[in-house]
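Colleague: Build me a structure from this.
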Amino acid sequence: MLLNQLNQPDSSMKNIIVPTDLSAATDIALSVAADIAQAQNATVLLLHMVVQPIRSFAYTGTGSTAPDDLVRRYYDANKEAEAAIAKLVAQEKYRDKDIKYLLVEDSEGLIKELTEREADLIVMHTRGSSGWEEFLLGSNAEAIVRNATCPVLVVRERVENFKPEKVVRALDLDERMKARYDYPFPLSNQEVPQWLYVMTPDNSRVPDGIRNWVHTFATEHGIDEYKFNIHEAKTVPEGIIEYAEDNGADLIVLYTHGRKGLRHLFAGSVAEDVLNHSKIPVLVMRL
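Modeller: Below you'll find the predicted structure:
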């Protein structure tokens, strides 16, 4: 009998946040969030940040813009955002879904608004980034993953009827992974856990030692049936994506240390590299 405690969703899930810039891509994340919310009897909160013009200097060719004009622009921006969100949630597929919205000012910044607001899950779309853009700027998804205290689900391409059945969980043998982590949404009840360890050329670990660690990990969580693969690749992110694509995965689960500052700059983050380049949805859990 398969007893997989790690595969059970948190029954107390109530709030799912979907950040939106009002672009058409918002529907990609909202559709997934709505599927999860319906299964979990949760509420989806669309969060949009409206730039507050009165807090910045605005100039025309003849001088500064009058305060009343700045206030009117801010009022108009709010109305436009409300209209765009209303049009989005008015779609037939969202008719019976519990979807609310909130417009916030940019006084504290989007990341602070997202990560300090009570939520059980953040679902967001990313266009990804690459090259110098990735190194210098990164993506909004990266910043949110680094700071969020709840799980973050990042979706790049449209998914119809989101219900992951073939999930790849990447392990790095961090002892903190042995704690119990409840997934924020249900996976297939028939799914046998599939774990992955990526072996890079500079990795000196012994394969038998890796397998023993995974066996102990499974035993401590009462899991008596699982699949485990050691996959060789040039880098860990490349190996995770390659393995997931080759095996038809519909979800990648990663765990992050949430590195910040110089440590993040020099060490990087496997989770962020994967979500920037994976076409498969990525669920990031904080250790």
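Colleague: Name the helix or strand of the chain that has the lowest mean pLDDT.
Modeller: Least confident helix or strand of the chain, by mean pLDDT, DSSP states H and E, is helix 131-136 with a mean of 39.
Colleague: Which element is encountered next along the chain beyond that helix?
Modeller: As assigned by DSSP states H and E, the chain's next helix or strand after helix 131-136 is helix 140-147.
Colleague: For the stretch 101-250 of the chain, give me the ranges with low pLDDT.
Modeller: In the predicted model of the stretch 101-250 of the chain, residues 106-109, 128-140, 181, 187-191 satisfy pLDDT under 70.
Colleague: let's see 50
Modeller: 131-138 (pLDDT under 50).
Colleague: what's near enough to touch the closest residue to T126 other than its chain neighbours?
Modeller: Nearest non-adjacent residue to T126, counting by Cβ to Cβ, 6 or more residues apart in numbering: A141, 4.0 Å away. In short, each C-beta sits where N, CA and C put it, glycine included. Shown in contact with A141 (Cβ atoms under 8 Å, 6 or more residues apart in numbering): 124, 126, 152, 154, 272, 275-276.
Colleague: now with 10 Å?
Modeller: Contacts for A141 (Cβ atoms under 10 Å, 6 or more residues apart in numbering) come out as 19, 122, 124-129, 152, 154-156, 271-272, 275-276, 282, 284.
Colleague: what's the answer for L254, then?
Modeller: Contacts of L254 by Cβ under 10 Å, 6+ apart are 145, 152, 154, 168-172, 237, 240, 269-275, 278, 282-285.
Colleague: swap the cut-off to 6 Å and go again
Modeller: Counting by Cβ atoms under 6 Å, 6 or more residues apart in numbering, L254 makes contact with 170, 271, 284.
Colleague: And for the first one, the neighbour number?
Modeller: Counted with other Cβ atoms under 10 Å, the burial measure for A170 works out to 24 neighbours.
Colleague: Can you name the residues bridging to it?
Modeller: L196 (DSSP bridges).
Colleague: ok, it touching G239?
Modeller: No. Applying Cβ atoms under 6 Å, one finds A170 not in contact with G239, separated by 8.6 Å.
Colleague: State the distance from E225 to I210.
Modeller: Here the criterion is Cβ to Cβ, to the nearest Å. By it, E225 lies 19 Å from I210.
Colleague: between these two, which one's more packed in?
Modeller: Comparing E225 with I210 by other Cβ under 10 Å, the one with more neighbours is I210, at 17 against 11.
Colleague: Quick one: residues contacting the more buried one.
Modeller: For I210, the contact set (Cβ under 6 Å, 6+ apart) comprises Y197.
Colleague: for the one 3 residues further on, same thing?
Modeller: Applying Cβ under 6 Å, 6+ apart, one finds that W213 lies in contact with L173.
Colleague: Quick check on it: phi, psi?
Modeller: The phi/psi pair for W213 (degrees, to the nearest 10) reads phi -60, psi -50.
Colleague: From L173, how far off is it?
Modeller: Distance from W213 to L173, by Cβ to Cβ: 5 Å.
Colleague: Mutual contacts of the two, please.
Modeller: Residues within reach of W213 and of L173 at once, by Cβ under 6 Å, 6+ apart: there are none.
Colleague: Many thanks, I have nothing further to ask.
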